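Chemist: predicted model and sequence follow; I will ask about them next.
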Amino acid sequence: MYVEQFYTKCLSEAAYFICDAQEAAIIDPLRDVDVYIQMAKEKNVQIKYVFETHFHADFVSGHLELAKRTGATIVYGPNTEAAFPFHKAADGETFNIGAIQLKALHTPGHTLESTCYLLSNEQKEPYCIFTGDTLFVGDVGRPDLFSGDLSKEELAAMMYHSLQTKIKPLEDHIIVYPAHGPGSSCGKNLGPDTFSTIGQQKQSNYALQAMDEETFVATVTSGLSEAPAYFPINARINQKGYALLDNVKTKGLQGLSVIEFKEKVAQGALIVDTRQATTFTESFIPESISIGLDGRFAEWAGILLPFGQSIVLVSEVGKEEESIIRLARIGIDTVEGFLEGGIDKWKKAGEPLDLIIDIEVDELAMDLPHDPRLEIIDVRKETEFSEGHVKGAINMPLSSFADILNLASVDHEKNLYVHCAGGYRSVIAASLLKRQGFHNLRNVLGGFALIKDNSKLPIITQNSINL
């Protein structure tokens, strides 16, 4: 028996490869499936099944890609309705992979079709459970992402019974392999690890502590942040189907001359620049949106970019395909080419460039007392802001920039100093402000991580607010 977790940090997503003898199965795969196919070749096994724990909302799954390329059977749990061929597992149904066995455990709550898969080893002893978004390390799946007519309270009640009847009775030694880790928006506050055990979760996970249904529902449904707008789009894509990734790459991997690039932009294509944030600020094509590959790229692309609109890329040379694949992971399939030769080709052609002024925290501290028009824009989440921020700063979470009307409240007469926690999100925000005609802005290098340690800046903390 062999089990491997494939963890994709920028999506906080975990897929799994399991095999025994000459057979294998993949659980919750990403859309770019080459890594699983390559491992099957290395292990000399045939991918027999693709198990999906539910219709994922935060990424496009690779179930159709794998089925097309390997002939594997797609398996979903009870209550699943989809626009493609699949096997609908019954609650308790078992599937053999060599001498090991997977058992489907229907666990509605995160979604109606949510299903966990309990793996037993060659001795038929339970070894691990793939919990999808039902059970995370330190958390459970949020019950407010369902697109049907059930309330979050109704789904939370289902989650309570799923945990009580299917998860808590399991033996403590069984390994818990969830679909997501820290940073995922599919839960409220996932722990730092990407796997655990049933015993550890019984001790530390708030959702597995002794409480009645009413208390559980109130606890699980409170404190939920707004879900990213692209989540229902991705869930529908996973249910209805999508174009094969090779076709998406063929369309996107077209090198464009400067003239062809400008023509695409004139026709309405967005410019997405995937270079590192620190490189972007030095020089970029006017109107570009910075979303660097070095951060939570796919997530912010899904939140901020309009689905369906054509895109042209500016990337570090050699990173074009990676940019296209990572966009495709969250269902953005509309890349129509990239600037061949990158930003250097644009510069050599003598085309106009823009920049964002980077400043150190010390410069912010010097300017703040003397510039009456200075305004600090803090683009961190509301929870981050409430824990500590510069006195007088305006909190505009980066996710709110998806609605262009939110930028209407920003004063064009102010000198804007933009920061986040470390510097990645603030550059995205600054690029979006630039697109809307805000040019009197600065990007604060190092973000709040450095701001909070500067003794010359007035910091408001949660403790000082409570006082």
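Modeler: That came through, no problem.

Chemist: what sits closest to Pro458 if chain neighbours are left out?
Modeler: Lys391 (4.0 Å; C-beta to C-beta, 6 or more residues apart in numbering). All C-beta atoms are positioned from the backbone trio N, CA, C, and that covers glycine.

Chemist: which parts of the stretch 101-250 of the chain are strands?
Modeler: 115-120, 126-132, 135-136, 139-140, 175-178, 196-197 (DSSP state E, counting those that start in this stretch).

Chemist: tell me which of these lies nearest to Glu226.
Modeler: Relative to Glu226, the nearest member of those by C-beta to C-beta is strand 139-140, separated by 17.3 Å.

Chemist: what's the closest one in contact with?
Modeler: With contacts defined as C-beta atoms under 8 Å, 6 or more residues apart in numbering, strand 139-140 is touched by 109-110, 134, 159, 163, 187-191, 205-207, 220.

Chemist: run the chain-centre distance for that strand.
Modeler: What separates the centre of strand 139-140 from the centre of its chain is 17 Å, taken as C-alpha atoms, centre = their mean, to the nearest Å.

Chemist: avg pLDDT for it?
Modeler: Strand 139-140 comes out with an average pLDDT of 96.

Chemist: show me the strands paired with it, marking each as parallel or antiparallel.
Modeler: Sheet pairing here is set by DSSP bridges, and for strand 139-140 it gives strand 135-136 (antiparallel).

Chemist: what is the mean pLDDT for the strand it pairs with?
Modeler: Strand 135-136 shows a mean pLDDT of 97.

Chemist: who's in contact with it?
Modeler: Contacts for strand 135-136 (C-beta under 8 Å, 6+ apart): 116, 141, 163, 167, 176, 178, 180-181, 184, 186-187, 190-191, 201, 205, 207.

Chemist: of the residues you listed, which is the nearest to Leu313?
Modeler: Of the contacts of strand 135-136, the one sitting nearest to Leu313 (C-beta to C-beta) turns out to be Ser184, at 26.1 Å.

Chemist: how many neighbours does the closest residue in space to that closest one that isn't next to it in sequence have?
Modeler: Take Ser184 and drop its neighbours on the chain: the residue closest to it by C-beta to C-beta, 6+ apart is Ser12, 3.9 Å away. A count of nearby residues for Ser12, using other C-beta atoms under 10 Å, gives 23.

Chemist: and Asp34, by the same measure?
Modeler: 12.

Chemist: distance of it relative to Arg142?
Modeler: For Asp34, the distance to Arg142 equals 31 Å [C-beta to C-beta, to the nearest Å].

Chemist: ok, residues contacting stretch 151-159?
Modeler: With C-beta under 8 Å, 6+ apart, stretch 151-159 has contacts from 107-112, 134, 140-144, 146, 207, 213, 216-217, 220-221, 224.

Chemist: narrow those residues to those in helices?
Modeler: Applying DSSP state H to these, the entries found in helices are 213, 216-217, 220-221.

Chemist: now rank these by neighbours and give me the top one.
Modeler: Ranked by the number of neighbours (other C-beta under 10 Å), the ones in helices among the contacts of stretch 151-159 place Val220 first, at 28 neighbours.

Chemist: if we can go back for a sec, just the buried residues of the contacts of stretch 151-159.
Modeler: Among the contacts of stretch 151-159, the ones that count as buried by 16 or more other C-beta atoms under 10 Å are 107-112, 134, 140-144, 146, 207, 216-217, 220-221.

Chemist: and of the contacts of strand 139-140, the nearest to Ala25?
Modeler: Nearest to Ala25 among these, with distances taken as C-beta to C-beta, is Thr134, at 18.5 Å.

Chemist: which ones are touching that closest one?
Modeler: Counted by C-beta under 8 Å, 6+ apart, Thr134 has contacts 53, 107, 109-110, 114, 116, 140-141, 159, 162-163, 167.

Chemist: and the two most separated of the residues you listed?
Modeler: Spatial extent of these (C-beta to C-beta) is set by the pair Thr53 and Leu163 at 14.8 Å.

Chemist: quick one, which of the two is more surrounded?
Modeler: Just comparing Thr53 and Leu163: by other C-beta under 10 Å the higher neighbour count belongs to Thr53, 27 against 22.

Chemist: phi, psi for the more buried one please.
Modeler: phi -80, psi -20 (degrees, to the nearest 10).

Chemist: and for Leu30?
Modeler: Phi and psi for Leu30, reported as degrees, to the nearest 10, are phi -70, psi 170.

Chemist: what residues are bridge-paired with it?
Modeler: Ser61.

Chemist: now do the contacts for it.
Modeler: 6, 8, 11, 13, 15, 59, 61-62, 329.

Chemist: just the ones of those in helices?
Modeler: Counting by DSSP H, no part of these is found in helices.

Chemist: as TSV, those with neighbour count and distance to Gln462 would be great.
Modeler: Output for the contacts of Leu30, formatted as TSV (neighbours: other C-beta atoms under 10 Å; distance: C-beta to C-beta, whole Å):
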residue	neighbour count	distance to Gln462
Phe6	17	38
Thr8	18	33
Leu11	23	30
Glu13	25	31
Ala15	23	37
Phe59	29	33
Ser61	27	39
Gly62	26	42
Arg329	27	36
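
Chemist: out of these, which one has the lowest pLDDT?
Modeler: Ranking the contacts of Leu30 by pLDDT puts Leu11 at the bottom, with 91.

Chemist: could you check how far that residue is from Glu287?
Modeler: Leu11 is 27 Å from Glu287, by C-beta to C-beta.

Chemist: try Glu214
Modeler: For Glu214, the distance to Glu287 (C-beta to C-beta) stands at 52 Å.

Chemist: how about Lys103?
Modeler: In terms of C-beta to C-beta, Lys103 sits 53 Å off from Glu287.

Chemist: when those two are compared, which one has more neighbours?
Modeler: Lys103 (17 against 12).

Chemist: contact partners for that one?
Modeler: By C-beta under 8 Å, 6+ apart, the contact set of Lys103 is 92-95, 117-120.

Chemist: report the buried residues of the host helix or strand of Val418.
Modeler: Per DSSP states H and E, Val418 falls inside strand 415-419. For strand 415-419, a neighbour-count test (16+ other C-beta under 10 Å) marks 416-419 as buried.

Chemist: again with stretch 143-153
Modeler: For stretch 143-153, by 16+ other C-beta under 10 Å, it's 143-146, 150, 152.

Chemist: Gly132 and Ala15 touch, don't they?
Modeler: No: using C-beta atoms under 8 Å, Gly132 is not in contact with Ala15, being 11.1 Å away.

Chemist: what touches both of the two?
Modeler: Asp28.

Chemist: contacts only, for the residue with the largest distance to the centre of the chain.
Modeler: Farthest-out residue of the chain from its mean C-alpha position, per C-alpha atoms, centre = their mean: His370, at 40.4 Å. Under the criterion of C-beta under 8 Å, 6+ apart, His370 has no contact partners.

Chemist: on the three-state scheme, it is what?
Modeler: Secondary structure, DSSP: H, G, I helix; E, B strand; the rest coil: His370 is coil.

Chemist: distance of it from Asn415?
Modeler: In terms of C-beta to C-beta, His370 sits 11 Å off from Asn415.

Chemist: cool, thanks, signing off.
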